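Participant: fold the following.
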Amino acid sequence: MGNFICIQKLKNQQQQQQQASANRSIDKASKGTNSSNHSTTMSIGNSSNSVSKLSAKAKYGFIDDNFSTLHQVTAALRSSGLESSNLLIGIDFTKSNEWTGQVSFNNRSLHAIGAAPNPYEKAISIIGKTLAPFDDDNLIPCLGFGDATTHDDEVFSFHSDHSSCHGFEEVLDCYKKIVPNLRLSGPTSYAPVIDAAIDIVESSGGQFHVLVIIADGQVTRSVNTSDNELSPQEEKTINSIVNASSHPLSIVLVGVGDGPWEDMKKFDDKIPARDFDNFQFVNFTEIMSKNTSPDEKEAAFALAALMEIPFQYKAVMELGILG
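Facilitator: Here you go, the predicted structure:
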């Protein structure tokens, strides 16, 4: 697994590579990284959270949802105030991917590589095409987590030199190459990939980034975790999301596969007050199973995933945390 190096620390190789100025370093997202400044409190259905979210949306406005093409969604994002964005992609390689495509992917692994694109490939392509016009350098850092080398502690880069992929086409090419060599594992935590994204944002000088995490399951909870408690993975993930809100970083979690997604839909309400509402969950399978044309499905998914990005972009500008 020489090409899939767990991230230990920021490695600045910009002077050593031909296109080094375009490469972004990736940091180890280790236990406790970037989360020491915030503490977690359990708050299910927190009314003050709901009010603040509604206030933010009222302040920055909604985007209509009557689009039939990705181009229309891109134009709507721009007209709503999104000026510039850098895309980050995190991919879930936990073992549950082997069985959560039972209904939605013809009983195949969600990471199965074949003639037709799998759900991960579809989601990468749609998001990549929609956000490409906002990304000046078209460089996309890609991170994997949850495999047998990273578990719920670390991430790995799609490139052994930690460089970014050039466009979503290269993201897809790299993804197809690494999948056959990975051993899926777990448990599921989004903290490592969020912490790594924070490090990338900081190393960019505070440019606005959108982290798209594509995953097949909710954060791990053991059977011994009561309803009013958080699992260790949930606590770390929530701390990382809260910490990310002090950075110009939006987080979109795309759920692929059969789920279940009930807990993930409630997850946002468990997150305590943040500098801005920076987390969004989107059920990819539900949207793509609707009885509409392929173009309309793609547009509906892109809109659901990205419709909050413009007001989040404006929020980070108003907060003065945009570099």
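Participant: next structured bit after the lowest-mean-pLDDT helix or strand in the chain?
Facilitator: One helix or strand of the chain scores below all others by mean pLDDT, DSSP states H and E: helix 47-60, with a mean of 45. Using DSSP states H and E, the helix or strand that follows helix 47-60 towards the C-terminus is helix 70-79.
Participant: quick check: next helix or strand after that following helix?
Facilitator: Downstream of helix 70-79, the next assigned helix or strand under DSSP H and E is strand 86-92.
Participant: the next helix or strand after that next one packs against which elements?
Facilitator: Under the assignment DSSP H and E, the closest C-terminal helix or strand after strand 86-92 is helix 119-131. Secondary structure elements in contact with helix 119-131, counted by 3 or more C-beta pairs under 8 Å, 6 or more residues apart in numbering; DSSP states H and E, are helix 70-79, strand 86-92, helix 167-178, strand 209-215, strand 249-255, helix 284-288, helix 294-306. Where C-beta positions appear, they are placed from N, C-alpha and C, glycine not excepted.
Participant: quick one: low-confidence parts of the stretch 1-150 of the chain?
Facilitator: With pLDDT under 70 as the threshold, the stretch 1-150 of the chain has low-confidence stretches at 1-66.
Participant: apply 50 and report the result again.
Facilitator: Low-confidence segments of the stretch 1-150 of the chain, defined by pLDDT under 50: 1-61.
Participant: from what I can see I238 touches A273, true?
Facilitator: No: in this structure I238 lies outside contact range of A273 using C-beta atoms under 8 Å: 11.8 Å.
Participant: among those two, which residue is more densely surrounded?
Facilitator: I238 (26 against 13; other C-beta atoms under 10 Å).
Participant: now for the more buried one: which residues touch it?
Facilitator: With contacts defined as C-beta atoms under 8 Å, 6 or more residues apart in numbering, I238 is in contact with 40, 230, 270-272.
Participant: for it, give its distance to A244.
Facilitator: Taking C-beta to C-beta, to the nearest Å as the measure, I238 and A244 are separated by 11 Å.
Participant: I113 is nearest to which of the helices and strands packed on helix 119-131?
Facilitator: I113 lies closest to helix 167-178 among the helices and strands packed on helix 119-131, at 5.4 Å (C-beta to C-beta).
Participant: can you give me the mean pLDDT across the next helix-or-strand element following the closest one?
Facilitator: Next in sequence after helix 167-178, counting helices and strands by DSSP H and E, comes helix 191-203. Per-residue pLDDT values across helix 191-203 average out to 98.
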